[in-house]
Structures are given as C-alpha cells and as structure tokens.
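# Just a sequence and a predicted model for now, questions to come.
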Amino acid sequence: MPGRELRALAALLLISSGVIRQVSSRYVSRMPPEEELNTAQVQQLLEGWDAAAGGWPALGRQLEELGYQLHVARGETEVYSSLDAFQRDLLQHSGAYTSWPEGQAVDLWTGTALMVGIQSGPYTIISIGRPDVPELFGRQRPPLEAMLVALLVIGVAAIAVIAALSMVSTHFQVHHIMRPVNALAEAARRVEAGDYSRPVGYDGRDEFTAVCAAFEQMQRHLLEEREKNAAYERARTDLVAGISHDLRTPLTSVKGYLKGLRDGVANTPEKREQYLGIAYRKACDMDVLLQKLFYFSRLETGSLPLLLERADLGRFVRDFVRDAAGELEQRGGRFVLRGSPAPHPVRMDAEQMVRVLNNLTDNAVRYAGAEPLVLTLTVWRDRAWEKLRFADNGRGVPEEQLPHLFEQFWRGDQSRSGKNGEGSGLGLYIVQYILEAHGGTVTAWNDGGLVFELALPCEEESGHA
C-alpha cells in the first residue's frame, strides 16, 4: 500500500544518509603522527639511493618493510611501480607527479596517504604509504568513487527492498480483493444451482461490503419471489381444482334435471317449469365461475382494456344502488347511501367499476355474518381525491388478516363452500387491480364491520377536460 512504500522510502533515506556519513568520515583528512609513518627513514633511503645503478625492486622491498610502495618514472615513462590501483589514482590526481625537488626527499600529505618523493637525475622516485581507508568490494577506493559505489549499492538495495515490499503488498492486496470476489463467485454458483438461502459470508469493511450486501439482498428477493411464485402456482392449482369442483356440482344438477325432462319424470307443466328453472339457475352459476376464470386470465395477460370516460362518482354509486338493491334484498341485505350532493367528477370505466362494487357486495354477503346485512356507501371529496366508503355491519376481519385481503388467491378461512365459486380468492384482488389501473387506491380496516375505502383522482384536480 502507499503508506508502506512511503515508510520504506523514509527508512531507506535514513539508512542512506547514515552510510554516506560513515563513508565520508572514513576519508576525513588528518595527519597521523610522523613517527608512525617512518617518514624520516623513507626520506633517508630515497636520498641515499643511487638512481643510476637502478635496483628498483630492491628499493621497493626496503620501502615495503617501512609500509610504503614505490613508483619510479623517467620523464613520462614508468620504469618501475609496486603501487596498487588506489595508490595510482592518488598519484594521478595529486598534481605532484613532477613537482619534487632535485636531490632532496620531501613528504606530501594527500588527505588519505603520505607521499615521499625526490627528483634524482632523470628519475622521479615516489613512495606512497598505504592509505588508511576502508575496502569496498575487495579494494581500497578514493573518496568520490567510494561515495558513488555506496550510492549505487544503496540504490540497488532500495530497488530490491521496494520491489520486495511491492510484491508483498501486491500479494496482500490481491488476497484482500480476491476474498470477496471468490465469495461472490461461490454465492453466484449457489444461486445458479437454486440455493438462495446461504449468505455470501463476507464480513470485511471495505468497498466490497456494499456489493456483497446488495448481492445478499438480491438473493433474499429471489428467494421471496420464488416462494411467492410457488405459492401462486399452488393457488392457481387450487383455483383450477376448486372451480372444477364447483363446476361439477351445478353441471351434474343440470344434467340430472335435463335427463328428468327427457325421461318424462317431469310429467306436469309445473314440474317441467321447476326443472327448467333449476337447470337455468345452475347454468348461471357455472357462467359466474367461468366468467371469473376468464376475467382472471385477462388480468394475468394484461389484456384487460380500460375505457376511461368522465363520470360523476356520486351519480354512479346512486345508479348502482338502485340497480342492485333488489338482488341484495333477496339475499337478505339492504343498501344505505350517504354523501354530499356536490359533483364528484372522475375518469373511470363504468363497467369495471360496477364489477368492483359487485365484488365488494358479494364479499360482504358471504363473509360479513350479519342479519340483516346493511351496506353503507358514502361518497365525499378529499382534496385531489374522490372517495367512496363501502362498509358493512358484520363481524369484520381478524387484524392479522387485513394485510392479506387483496393478495392473489388468498382465502381468509381457507375453505370453499362451493356456492357461486366462493373461496376462489380473486374478488378483492380484482378490486385492487381495477382501482390501481384507474390510478386510484383501496384500503381496508375494521370499524363496526369491515370497511373498504376507494380513492380515485379527481378529474378537476388532474387537469383533464
């Protein structure tokens, strides 16, 4: 990571400054005590040597015993030399190659080594003491070269350390990144295999945490959808089985009464009229069941058309109560109509809204459990909404069942009476579907019975002509 690399660079800079300071301190110029350098002996030896006789190797051996190396040149030509590379470099850069006096040996301190030289005829004789400097890579080196070598070594070490730290850091980063990636890949394989229940299992606190949380949320959503679809599929199966059962009963009755007519069992006009009436009512019951199934299939395929037209909700409800009052009285109930006489303009499909009110009426007749049944319809305006309150005087619905009233195929008592398709779980679902298709809402609660509140956008507020 960047922090580690910065710390490594800072450490290397500190180490480099320490090494450079240490190397520099080893080259600080200082004159060692003369007696330790045998300067006087070397001067006497060089002044007393017969240059014309030569014998330079012998002179070199004597100087070596005193801690010096020998260099002899004639003009620009080297005659003899026992200098090492470092001493040669000192001699070359000292500027004292030809500055020695004739016949007299003198010494010269170069900062790292002592030179003693003499000019004897055509020969320049120079002896150089062994410098007291450290060895780098097998030999002594001049200060500049030693500094450059030290910097080179430090640079190579820095590159190596940074490369090593980068590799280690990269390894940890890759491991850190791949852990959630591997967890997501494993979770994706489980989802592909149909297992939505196991979480991703990543507990890190980084950028991948939100991704893993979103993936787990997706898993939960898929699991809920799968369970919901499975429930819907079971409900569809139950619906088809139930409607098939419900159809079998009136169909059997129709066949029985028609067979009685054909076989002459109904041998009087009164009996024939009775048989035909019963067969007709049973056929109507079958038609109701088939209409429900057909209507549901249109909802599922999205092929239910809505012909929205401007209408007055109050007048529409009054017309519905007038038309449906007789049938409700035959079933043991009555309507009570309330509401202001003011206009209640909406845009709606009258045919579909009639289905809504019929479904609510049928639901109250079947489940309210009130004798006599009283259905109170109230229309009023609430700001941008026209609202209809549809309330019965029955026993209501258990509170825990209220959130499920409008679910597809949901049946509160989980039973079927076999009467007119009762218990199919579609009536209130259809109510909600139609209201939402109109841009409205429907809610339900208990208040001395079960209350449904329907809301449609007000035509004047919505800006429609």
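Happy to help now that I have it.

# Quick check: which helices or strands does the helix or strand containing E186 pack against?
Per DSSP states H and E, E186 falls inside helix 143-192. Using 3 or more CB pairs under 8 Å, 6 or more residues apart in numbering; DSSP states H and E as the contact definition, the elements that helix 143-192 packs against are helix 2-25, strand 135-136, helix 207-262. Just so you know, the C-beta spots here come from the backbone N, C-alpha and C atoms, and that holds for glycine as well.

# mind running it again at 6 Å?
In terms of contacts (3 or more CB pairs under 6 Å, 6 or more residues apart in numbering; DSSP states H and E), helix 143-192 is packed against helix 2-25.

# Just the mean pLDDT for the helix it packs on, thanks.
The pLDDT scores in helix 2-25 average 65.

# Check the burial of G155 by counting its neighbours.
12 (other CB atoms under 10 Å).

# would you list every one of the helices in the stretch 351-465 of the chain?
Counting by DSSP state H, counting those that start in this stretch, the stretch 351-465 of the chain forms helices over residues 427-437, 459-462, given from the N-terminal end onward.

# For the longest one, enumerate the helices and strands it packs against.
Based on contacts counted as 3+ CB pairs under 6 Å, 6+ apart, the elements that helix 427-437 packs against are helix 350-367, strand 441-446.

# Report all helices and strands that the last one contacts.
If contacts are counted by 3+ CB pairs under 6 Å, 6+ apart, strand 441-446 sits against helix 427-437, strand 450-457.

# Next, format the helices of the stretch 351-465 of the chain as TSV and append distance to P372, mean neighbour count and mean pLDDT.
What follows is the helices of the stretch 351-465 of the chain, written out as TSV (distance: least, CB to CB, whole Å; neighbours: other CB atoms under 10 Å; pLDDT from 0 to 100):
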stretch	distance to P372	mean neighbour count	mean pLDDT
helix 427-437	22	20	89
helix 459-462	36	15	62
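
# and the closest residue to R226 other than its chain neighbours, how far is that from R389?
Of all residues beyond its chain neighbours, the one nearest R226 is Y196 (6.7 Å), with distances taken as CB to CB, 6 or more residues apart in numbering. Distance, Y196 to R389, by CB to CB, to the nearest Å: 42 Å.

# Between those two, which is the more surrounded one?
When Y196 and R389 are compared on other CB under 10 Å, the one with more neighbours turns out to be Y196, at 19 against 16.

# Give me the buried positions along whichever strand or helix holds L63.
In this structure, L63 is located in helix 56-65 according to DSSP H and E. Of all the residues in helix 56-65, those buried under the rule 16 or more other CB atoms under 10 Å are 56, 59-60, 62-63.

# next SSE after that helix?
Toward the C-terminal end, the helix or strand that comes next after helix 56-65 (DSSP H and E) is strand 68-74.

# So which bits of whatever helix or strand comes next after that next one are buried?
Next helix or strand after strand 68-74 toward the C-terminus (DSSP H and E): strand 77-81. Judged by neighbour count (16+ other CB under 10 Å), strand 77-81 contains these buried residues: 79-81.

# Might you quantify the distance of the helix or strand following strand 77-81 from its chain's geometric centre?
Sequence-wise, the next helix or strand beyond strand 77-81 is helix 85-94, with elements assigned using DSSP H and E. Helix 85-94 has its average C-alpha position 69 Å from the chain's average C-alpha position, going by CA atoms, centre = their mean, to the nearest Å.

# Could you do stretch 111-131 as well?
Per CA atoms, centre = their mean, the centroid offset for stretch 111-131 relative to its chain is 79 Å.

# Then stretch 364-372?
Stretch 364-372 has its C-alpha centroid displaced from the chain centroid by 53 Å (CA atoms, centre = their mean).

# what does the average pLDDT come to for it?
If you average the per-residue pLDDT over stretch 364-372, you get 90.

# Kindly report the same for stretch 290-304.
Rounded to a whole number, the mean pLDDT of stretch 290-304 is 69.

# Could you do stretch 151-161 as well?
Throughout stretch 151-161, pLDDT has a mean value of 79.

# Just the buried residues of that stretch, please?
By 16+ other CB under 10 Å, the buried positions in stretch 151-161 come out as 154, 158, 161.

# and which of the residues you listed is nearest V379?
V161 (84.7 Å; CB to CB).

# quick one: the closest one and M167, what's the gap?
Note on V161: its distance to M167, by CB to CB, is 11 Å.

# Likewise for A105?
The gap separating A105 from M167 is 61 Å, by CB to CB.

# out of the two, which sits in the more crowded spot?
Legend: neighbour count by other CB under 10 Å for A105 and M167, higher for A105 (24 against 10).

# Could you check how far the more buried one is from L454?
Here the criterion is CB to CB. By it, A105 lies 127 Å from L454.

# do C212 as well
44 Å.

# same deal with N267?
53 Å.

# ok, those two, which is more surrounded?
Between N267 and L454, counted using other CB under 10 Å, L454 has the larger neighbour count: 26 against 11.

# okay, the angle between the helix holding L63 and strand 77-81?
Using axes from the mean of the first three to the mean of the last three CA atoms, to 10 degrees, the interaxial angle of helix 56-65 with respect to strand 77-81 works out to 50 degrees.

# And helix 56-65, what does it pack against?
strand 68-74.

# what does the strand it packs on contact?
Residues outside strand 68-74 that contact it (CB atoms under 6 Å, 6 or more residues apart in numbering) are 42, 56, 59-60, 63, 79-83, 87, 122-129.

# how about 8 Å then?
Contact with strand 68-74 is made by 38, 42, 56, 59-60, 63-64, 78-84, 87-88, 91, 97, 116, 122-130, as judged by CB atoms under 8 Å, 6 or more residues apart in numbering.

# Stretch 340-349 too?
Residues from elsewhere that reach stretch 340-349 (CB under 8 Å, 6+ apart): 306-316, 379-381, 386, 434, 438, 456-460, 462, 464.
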